[in-house]
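Colleague: Okay, here's the prediction I keep looking at, along with the sequence it came from:
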Amino acid sequence: MWLSGASDLIKKLEKRGAHKVALQFPEGLKRQVAEIVAGLKDAGFEVIISGDPCYGACDLALDTVTCGDADVLVHFGHAPVDTRENVIFEPWTVDFNVSVLENALPLLKEKTVGLVTTVQHAHLVPPMEAFLASHGYEVRVTEGAGRTPLRGQVLGCSFAAAKSTGDGEILFVGTGLFHPIGIALATKARVIALDPLTGTAQEVSADTLLRRRFAVMEKARGAQHTGIIVSTKSGQQRRALAERLAALSPGAVIVTMREVNPDELLNLGFDCYVNTACPRLAYDDQVRFKKPVLSPQEFEILCGVRTWDDYLIDEIV
């Protein structure tokens, strides 16, 4: 699959005068390592691989560049969340027949629809727009900006493209339910999720997530000692937010971590934690943690500076 884009990457590397290249892959692409390494070596490049987990463009393996004395890092599969001179972001697109959107049409109740998707499918936004328009829909797509530079793109930590589509329903095209549930919380709009690989379409509800989050908050109520987690990863550091949250409780202290995992949190021994690293940690991984892990907004509710009616999903802006 990657070979079609190999010549473009090689040209980018040659233009930079790179000789030694560090490569980084998200978990779903690591099985492609051998093919890509072979192609780059055949082109005359020395290659070093980051074997650490990678969860997005916010999680750059810059230490691999330093440790391996590489000229540049090639980060596969994500669009940039910020500008890095020594990083090349190499796209990894996933195609599908846009006629699969027909499966979502019976669920759309309005003729104005906001269209959003993930980075793998963002290249298909124009034909998806055209398909919906041909069926009588007014389609609204947000131009790329900030952490989501591709048109119509959303991240698990940024739903700005969905919030900017205006009034009307929102159609999310992508796999999984975290993104559309986050969109529903962030926008308060009716959201239809279409998995373009299975053809399954459904209306999503945030009710189940909210019930789970309320239960986690109740477990954390009355905690005497709270760890405010600050990520050391390049695109997740929210030190100012952590300091503001720590000031809300005399029992709160800032804890810096690169990988937030259950064993380390258990060893630290706090009654609960507040996550300012990747927002998905609190929502997706709570079943793995022995202690409650709250979002910043949930901690504010427990501290009395925000009400439950003003519940917001956490985003990095």
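Modeller: Nice, thanks for sending it over.
Colleague: Number of residues surrounding the residue lying closest to Asp69 once chain neighbours are set aside?
Modeller: What sits nearest to Asp69 in space, not counting adjacent residues and going by Cβ to Cβ, 6 or more residues apart in numbering, is Lys20, at 6.5 Å. For glycine as for every other residue, the C-beta is placed from the backbone atoms N, C-alpha and C. A total of 14 residues lie near Lys20 under the criterion other Cβ atoms under 10 Å.
Colleague: which ones are touching Lys20?
Modeller: By Cβ atoms under 8 Å, 6 or more residues apart in numbering, the residues touching Lys20 are 45-48, 68-71.
Colleague: What of Ile49?
Modeller: Contacts of Ile49 by Cβ under 8 Å, 6+ apart are 22-24, 33, 37, 64.
Colleague: among the contacts of Lys20, who's most crowded?
Modeller: Highest neighbour count within these: Ala70, with 24 neighbours (other Cβ under 10 Å).
Colleague: Isn't that residue up against Ile48?
Modeller: Yes. Using Cβ atoms under 8 Å, Ala70 is in contact with Ile48, at 5.8 Å.
Colleague: overlap in contacts of those two?
Modeller: Taking Cβ under 8 Å, 6+ apart as the contact criterion, the residues that touch both Ala70 and Ile48 are 20-22, 64.
Colleague: Let's see which of those residues end up in strands.
Modeller: Under the assignment DSSP state E, those contribute 20-22 to strands.
Colleague: Is it correct that Leu268 is in contact with Thr256?
Modeller: No. Counting by Cβ under 8 Å, Leu268 stays clear of Thr256, with 11.4 Å between them.
Colleague: picking up where we left off before, which members of the contacts of Lys20 are the farthest-apart pair?
Modeller: Using Cβ to Cβ, the two most remote members of these are Phe45 and Asp69, lying 13.7 Å apart.
Colleague: which residues does Ala38 contact?
Modeller: Contacts of Ala38 (Cβ under 8 Å, 6+ apart): none.
Colleague: Just to be sure, it is in a strand?
Modeller: No. Applying DSSP: H, G, I helix; E, B strand; the rest coil, one finds Ala38 to be helix, outside a strand.
Colleague: separation between it and Pro53?
Modeller: Distance, Ala38 to Pro53, by Cβ to Cβ, to the nearest Å: 23 Å.
Colleague: ok so, going back, of the shared contacts of Ala70 and Ile48, which is the most crowded?
Modeller: Ala22 (27 neighbours).
Colleague: Who is it paired with across the strands?
Modeller: Residues in a beta bridge with Ala22, per DSSP bridges, are Ile48, Leu73.
Colleague: Am I right that Ala246 is in contact with Ala252?
Modeller: Yes. The criterion here is Cβ under 8 Å, and Ala246 meets it with Ala252 at 4.4 Å.
Colleague: how about the helices in the stretch 1-150 of the chain?
Modeller: Taking DSSP state H, counting those that start in this stretch as the test, the helices found in the stretch 1-150 of the chain are 3-16, 33-42, 62-67, 125-134.
Colleague: In the first one, which residues are buried?
Modeller: For helix 3-16, a neighbour-count test (16 or more other Cβ atoms under 10 Å) marks 6, 9-10, 13 as buried.
Colleague: The shortest one too?
Modeller: Within helix 62-67, the residues scored as buried using 16+ other Cβ under 10 Å are 62, 64-65.
Colleague: average pLDDT across that helix?
Modeller: The average pLDDT for helix 62-67 rounds to 90.
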